[in-house]
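S.K.: Quick one, structure for this:
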Amino acid sequence: MTNDLSPNLRERLRRLGIVRGARALPPSPRRPVAVESVLPGGFHETPAGRCWLARTEYPAGQAHGRLPLESFLALPPHILALIGGDPSLATVPLSQALFLDTETTGLSGGTGTMAFLVGLGFFEGDRFVVLQAFLRDPGDEPAMIHFLAGFLPQFRLLVTFNGRGFDVPILQNRFVLARRPFPLDGVPHLDLLAPSRRLWRERLVSCALTALERDVLGVVRDQADIPSGVIPLVYRDYLRTGDAREIPRILYHNRMDILSMPVLAAYLGRVLVNPGGETELSGEELGALARWYGQAGWDAESLLRAALARTRPGKHRTRYLIGLALSARRRGEWARSVEWWQQLALEAPDRVQPAVELAKAYEWHLGNPTLALEWARVALRRAEKLPPGPHREREIAEIQHRIRRLERRILPLLQLEVSGN
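M.R.: Purely as a prediction, here's the structure:
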């Protein structure tokens, strides 16, 4: 009896689950699965060829995490401008916003990187639509460019997450190579990455969109998702094998990115409009909002107080105390300013600044040169403990000058007191 097995028998044994000697069995061939059989949508014909388009609709009132998609439409225009740091954002109707996200053949950008999937989100009546243009083959790119050139001009506001540094430059390059103008050049652009970092970088380890979904927005992605760093590899494997089994996961990832953008923008706006109503905000978040308010010229004192109440001693609390002291000083409330500097002097016994500021306040605004001299001497002792260098020498020289001036002022007063007695 021979041990050789016919190919048919080997395959029958494999199907029956018999694994003894499986290493000797030839691999079972895997037939490629075509895009048409796994993706929604169909081919879109253009004069430049055809590309694949998939359209997915959601009710505008559908919740995505903690907020409905349509909450973006309720953003006050001046708040949208504050989020993006661009006054032109307040001049466009939010219903004409386009949410854009691409998936590319590489993560480094450059002229060699191609966007093989362009996701477009927009409001259409009572629906939120995600339209995805996919390159079944790189040769379909002229058709995609032709489609985008005709579709994009209807929008007057662009919203992305890291689009300013990644998605938009890549698309601009592809349009340049196609010798076409990019339709969104000059359109007001809200990139949500910068404001997200501004608010959450001190609280969160990562400000990637998936991290914000998990830690801020309450969005849960299902197992269909795929890590963004793997996406270029999966697409290249698809081009090599023709097997599209994993491509739906890429489209799912892209859709989720797009759905999260209006909700993220709406949540940023809600926090900026009414930070007091967000009881879950940490001290770090309140402190970041206070800086944001201050740079916008708004009163940030209540935010700094709230941040102080929710923060343990440390560098953040030090910054909030300095902010409160400077805020009171700008308003000419010298007694209040002194209270904050004194609190900081107690909590940060090595810092020179609070002692110097107290010396200044008592000398020039509260008319108490004796206390000013005491705080100047405290400042000198602290400055002498600084690391050697130009900063230390400059601090010591300035404080010594202040001490000598105060001593000259106080000496005549002491002599008058002695002679009067």
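S.K.: ranges for the helices of the stretch 1-150 of the chain?
M.R.: Taking DSSP state H, counting those that start in this stretch as the test, the helices found in the stretch 1-150 of the chain are 7-15, 35-38, 77-84, 141-151.
S.K.: Residue 355: which of those helices is closest?
M.R.: helix 77-84 (36.3 Å; C-beta to C-beta). Heads up, the C-betas are built off the backbone N, CA and C, glycines and all.
S.K.: Quick check: pLDDT value at residue 12.
M.R.: Residue 12 is assigned a pLDDT of 55 by the prediction.
S.K.: go on, residue 278?
M.R.: Per-residue confidence at residue 278 stands at 75 (pLDDT).
S.K.: Now name the helix or strand holding the residue nearest to it when sequence neighbours are not counted.
M.R.: Nearest residue to residue 278, sequence neighbours excluded (C-beta to C-beta, 6 or more residues apart in numbering): residue 271, at 5.6 Å. Element membership for residue 271 (DSSP states H and E) is helix 247-273.
S.K.: And the next helix or strand past that helix?
M.R.: Beyond helix 247-273 toward the C-terminal end (DSSP H and E), the next one is helix 283-295.
S.K.: And the contacts of the following helix or strand past that next one?
M.R.: The first helix or strand that comes after helix 283-295 along the chain, using DSSP H and E, is helix 301-309. Here helix 301-309 makes contact (C-beta atoms under 8 Å, 6 or more residues apart in numbering) with 275-276, 283-284, 286-287, 289-290, 293, 316-317, 320-321, 323-324, 327.
S.K.: Can you flag the buried ones in those?
M.R.: For these, a neighbour count by 16 or more other C-beta atoms under 10 Å gives the buried set as 275, 283-284, 286-287, 289-290, 293, 316-317, 320-321, 323-324, 327.
S.K.: Residue 155 and residue 95, how far apart?
M.R.: 10 Å (C-beta to C-beta, to the nearest Å).
S.K.: Between these two, which is the more surrounded one?
M.R.: A count of neighbours by other C-beta atoms under 10 Å puts residue 155 above the other of residue 155 and residue 95, at 19 against 13.
S.K.: Do I have it right that residue 409 meets residue 369?
M.R.: Yes: contact criterion C-beta atoms under 8 Å: residue 409 and residue 369 qualify, at 5.1 Å.
S.K.: Out of the helices of the stretch 1-150 of the chain, which gets nearest to residue 231?
M.R.: Of all those, helix 35-38 comes closest under C-beta to C-beta, at 15.7 Å.
S.K.: Just the strands from this structure, written as ranges.
M.R.: Under the criterion DSSP state E, the chain carries strands at the ranges 42-46, 49-59, 63-64, 67-68, 97-104, 115-124, 127-134, 157-160, 189-191.
S.K.: Name the residues that touch the fourth one?
M.R.: The reference is to strand 67-68. Here strand 67-68 has contacts from 60-62, 217, 263, 266-267, 270, using C-beta under 8 Å, 6+ apart.
S.K.: For ChimeraX, write the selection for the buried entries among the residues you listed.
M.R.: Selecting the buried subset of the contacts of strand 67-68 in ChimeraX, with 16+ other C-beta under 10 Å as the burial test, is done by:
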select :60,217,263,266,267,270
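S.K.: which ones are touching residue 63?
M.R.: Per C-beta under 8 Å, 6+ apart, neighbours of residue 63: residue 69.
S.K.: hang on, residue 258 packs against residue 119?
M.R.: Yes: if you go by C-beta under 8 Å, residue 258 and residue 119 touch, sitting 5.0 Å apart.
S.K.: Spit out the residues that contact the two alike.
M.R.: Overlap of the contact sets of residue 258 and residue 119 (by C-beta under 8 Å, 6+ apart) consists of 100-101, 130.
S.K.: any low-confidence regions in the stretch 301-421 of the chain?
M.R.: Where the stretch 301-421 of the chain drops to pLDDT under 70, the residues are 413-421.
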